[in-house]
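Asker: Predicted model follows, preceded by the sequence.
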Amino acid sequence: MNREVEIGLPPALAADEGVIREMLARETGLAVSLLTYRLLRRSLDARGRQPLIRLRCQVFPFRDNPGQPSFQAPWRDVSGGPAIIIVGSGPAGYFAALQALCSGLRPIVLERGKDVRSRRRDLKAIMQAGQVDPDSNYCFGEGGAGTYSDGKLYTRSHKRGSTETILEWLVHHGAQPDILLEAHPHIGSNKLPVIVSQIRETIFRHGGEVHFGERVTGLEMRRKTLTGVSTASGKTWEGQAVVLATGHSARDIHHLLHAGGITLALKPFALGLRVEHPQPLIDSMQYGREGRPEGLPAASYRLATQVGKRGVFSFCMCPGGLIVPAATAPGEVVVNGMSMSRRDSPFANSGMVVAVDEYDLEACGHTGVFAGQTFQQETERKMFQAAGGGKEAPAQRLTDFLDGNLGSSLPPSSYIPGLIPAPLHKLLPPFVSASLREGLRDFGRKMKGFHTGEALLVAAESRTSSPVRIPRNPETGMHPDCPGLFPCGEGAGYAGGILSAAMDGRNTMVAVHRYVLENGTK
């Protein structure tokens, strides 16, 4: 007998082994003393008046228990293998490198920023003095934007394949095994740096390379095929192919490709601001009572609505989290959210953004492939000026935004660099402001208590995804008019978050392997 069973338990009992075994015995008819089980999935069900933890289990009689499957590392020594240049060490780049180790290809990862430990000093400079290093910040550096911005591992897109391998590889490199079970797994920004550095060590140990401080400034072409890149250090890096995994904020790479005659495309994206509430307020809204029930995590939410034909939605919700500065150049204000593994901050924040497409950009006077980038930059620079040109960010109470009032005071916030009161309803592009106002009103109807003077809006949440797509052939994974170029991840417009970017990196390296086999080593 081998049977899957789902049970629901009050949060305070969901870790009680005896209670779990009794319920499984009742469901299967096996005696408690004769059964064993394997936990497959754990999820929170807060739809009813009493929240439940739902457990999906595989139940066996003792004699049939196969035991826990053991992880078999798939990587092999690639010291003498064909070199593949990977630009970027975010989840797309690093998981492309790990997949290369499975395929006998030698990954050479080039990262414009610093290693994950050295990167912390530059984040401190942003927080305390507003000093932005264009190559080392919350977006650039080892691990990419995801390392210091929460570590959520949930994706609604499964067209790239199973997520299990990505999660298993993360656990092998130090993530908690719970991520294999949770319906909405999360690692935390305090845990990710260790995992990222362990992935680097795996690459080194198997013959791959990782180089920091190597910002790409040129493309190396041979017989109309991309074979490598040159970097600001004056070095040239050659390989059998180039995987471009540079992240959603590498604007200079998009301009480099465009200048080299490589086709790019305008891509829809989203722009808005961050909303922050006290976490206890979100808990009470979602759990239906004052005080968080024992055994339950900091509550989260996901909201979406249509204003006319335009989508307004929450993005990257961070329960028990912080708002952080995510600018990649001086003179701009960009904010993002993050959470530590314990999610124990007294605040909850989420992006609240409006879909932006080609017609919106044209109406604002922006055309061409870089119309979205220009629109982003204009908004970010306007927010910088509104905050007085310092390290602070412009902010407004949610209720004042809805009423069209400036307001003169701001509630407490997690944003360490500081906030300046500003009329965000006037500073945001008019169609963004109007759509957000109607969207937030609708969200207030869906979540009673969402509209409160304790809620804060901070701008600008503008780096939700890349506003430029680097085209690729869906069958070969390669750019249609640049042989040897394999775009992947968020910066190419094919992913949105750690998990989807990692999956895209793996799939891209599978395509690279096929390309190398078909064309032979050069």
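Answerer: In hand now; what should we look at?
Asker: The stretch 1-150 of the chain: helices as residue ranges?
Answerer: 17-28, 91-103, 116-129 (DSSP state H, counting those that start in this stretch).
Asker: Now find how far off-centre the first one is within its chain.
Answerer: From the chain centre to the centre of helix 17-28 is a distance of 37 Å (Cα atoms, centre = their mean, to the nearest Å).
Asker: Identify each buried residue in that helix, please.
Answerer: 20-21, 23-25, 28 (16 or more other Cβ atoms under 10 Å). No exception for glycine: its C-beta is placed from N, CA and C like everyone else's.
Asker: farthest-separated two in those residues?
Answerer: Ile20 and Thr28 (12.3 Å; Cβ to Cβ).
Asker: The lengthiest helix in the chain to helix 91-103, inter-axis angle?
Answerer: Criterion DSSP state H: the longest helix present in the chain is helix 498-519. Orientation check (axes from the mean of the first three to the mean of the last three Cα atoms, to 10 degrees): helix 498-519 against helix 91-103 gives 40 degrees.
Asker: From the contact counts, what lies against helix 498-519?
Answerer: Counting contacts by 3 or more Cβ pairs under 8 Å, 6 or more residues apart in numbering; DSSP states H and E, helix 498-519 is packed against strand 83-87, helix 91-103, helix 164-172, strand 242-244, strand 485-487.
Asker: Below-threshold pLDDT in the stretch 301-450 of the chain: ranges please.
Answerer: Scanning the stretch 301-450 of the chain for pLDDT under 70 picks out no residues.
Asker: For it, which segments count as helices?
Answerer: For the stretch 301-450 of the chain, helices defined by DSSP H, counting those that start in this stretch occupy the ranges 358-363, 371-386, 398-403, 424-427, 430-446.
Asker: Convert the third one to PDB, retaining C-alpha atoms only.
Answerer: Below are the C-alpha coordinates for helix 398-403, written out as PDB (Å, rounded to 0.1, in the frame of the first residue of the first chain):
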ATOM      1  CA  LEU A 398      -1.900  56.000   1.700                       C
ATOM      2  CA  THR A 399      -5.000  58.000   2.900                       C
ATOM      3  CA  ASP A 400      -3.400  61.300   1.700                       C
ATOM      4  CA  PHE A 401      -2.600  59.700  -1.700                       C
ATOM      5  CA  LEU A 402      -6.200  58.600  -2.100                       C
ATOM      6  CA  ASP A 403      -7.600  62.000  -1.000                       C
END
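Asker: Can you give me the buried ones in it?
Answerer: 398-402.
Asker: Equivalent analysis for the first one, please.
Answerer: Neighbour-count burial for helix 358-363 flags 360-361 (criterion: 16+ other Cβ under 10 Å).
Asker: Do me a favour and average the pLDDT over the helix or strand hosting Thr202.
Answerer: Following DSSP states H and E, the helix or strand that holds Thr202 is helix 192-205. Mean per-residue pLDDT for helix 192-205: 96.
Asker: Packing partners of whichever helix or strand comes after it?
Answerer: Heading C-terminal from helix 192-205, the first helix or strand you meet, by DSSP H and E, is strand 209-212. When contacts are defined as 3+ Cβ pairs under 8 Å, 6+ apart, strand 209-212 packs onto strand 106-111, helix 192-205.
Asker: contacting residues around strand 209-212?
Answerer: 89, 97, 106-111, 113-115, 118, 142, 200, 203-204 (Cβ atoms under 8 Å, 6 or more residues apart in numbering).
Asker: Return the members of the residues you listed classed as buried.
Answerer: So, by 16+ other Cβ under 10 Å, the buried ones in the contacts of strand 209-212 are 89, 97, 106-111, 113-115, 142, 200, 203.
Asker: Of the residues you listed, which pair is most distant in space?
Answerer: Arg106 and Lys114 (23.2 Å).
Asker: Test my guess that Met383 contacts Leu457.
Answerer: No. If you go by Cβ atoms under 8 Å, Met383 and Leu457 don't touch, sitting 11.7 Å apart.
Asker: do you know how far the residue found closest to Ala304 once you drop the neighbours it is linked to in the chain is from Met338?
Answerer: Using Cβ to Cβ, 6 or more residues apart in numbering and skipping residues adjacent in sequence, the residue nearest Ala304 is Phe313, 4.0 Å away. Distance of Phe313 to Met338, given as Cβ to Cβ, to the nearest Å: 19 Å.
Asker: just Glu475 next, same as before
Answerer: 37 Å.
Asker: any idea of the pLDDT on Trp237?
Answerer: In this model, Trp237 is scored at 98, pLDDT.
Asker: residues touching Ser314, list them.
Answerer: 301-304, 350-353, 443.
Asker: beta partners of it?
Answerer: Judged by DSSP bridges, the bridge partners of Ser314 are Met352.
Asker: what residues are up against the spatially closest residue to Pro467 that is not a sequence neighbour?
Answerer: Spatial nearest neighbour of Pro467, excluding adjacent residues (Cβ to Cβ, 6+ apart): Gly372 at 2.6 Å. For Gly372, the contact set (Cβ under 8 Å, 6+ apart) comprises 266-269, 356, 361, 366, 467-468.
Asker: and the gap between Gly372 and Lys267?
Answerer: With Cβ to Cβ as the criterion, Gly372 and Lys267 are 7 Å apart.
Asker: Also Pro319?
Answerer: 29 Å.
Asker: Settle it for me: which of these two has more neighbours?
Answerer: It is Pro319, of Pro319 and Lys267, that has more neighbours when counted by other Cβ atoms under 10 Å, with 24 against 18.
Asker: Do I have it right that the more buried one meets Ser339?
Answerer: Yes. Between Pro319 and Ser339 there is a contact at 6.6 Å, judged by Cβ under 8 Å.
Asker: end-to-end on stretch 245-260?
Answerer: 18 Å (Cα to Cα, to the nearest Å).
Asker: Go through that stretch and flag the buried ones.
Answerer: So, applying 16+ other Cβ under 10 Å, buried residues of stretch 245-260: 245-254, 256-257.
Asker: How about stretch 293-303?
Answerer: 296-301, 303.
Asker: which one of those sits closest to Gly389?
Answerer: So of the buried residues of stretch 293-303, ranked by how close each gets to Gly389 (Cβ to Cβ), first place is Leu303, at 33.1 Å.
Asker: Surely the closest one touches Arg445?
Answerer: No. If you go by Cβ under 8 Å, Leu303 and Arg445 don't touch, sitting 10.7 Å apart.
Asker: for stretch 253-266, the distance to its chain's centre please.
Answerer: On Cα atoms, centre = their mean, the centre of stretch 253-266 falls 24 Å from the chain's centre.
Asker: what pLDDT, on average, does that stretch get?
Answerer: 97.
Asker: Name the surrounding residues that touch that stretch.
Answerer: Against stretch 253-266 from outside (Cβ under 8 Å, 6+ apart): 87, 216-219, 244, 246, 358, 361, 368-373, 467-471, 479-482, 485, 491, 493.
Asker: And for Glu182, the neighbour number?
Answerer: So Glu182, with other Cβ under 10 Å, has 17 neighbours.
Asker: quick one: contacts for the closest residue in space to it that isn't next to it in sequence?
Answerer: The spatial neighbour of Glu182 that comes closest, neighbours along the chain excluded (Cβ to Cβ, 6+ apart), is Arg42 at 5.7 Å. Applying Cβ under 8 Å, 6+ apart, we find Arg42 in contact with 14, 53-56, 178, 181-183.
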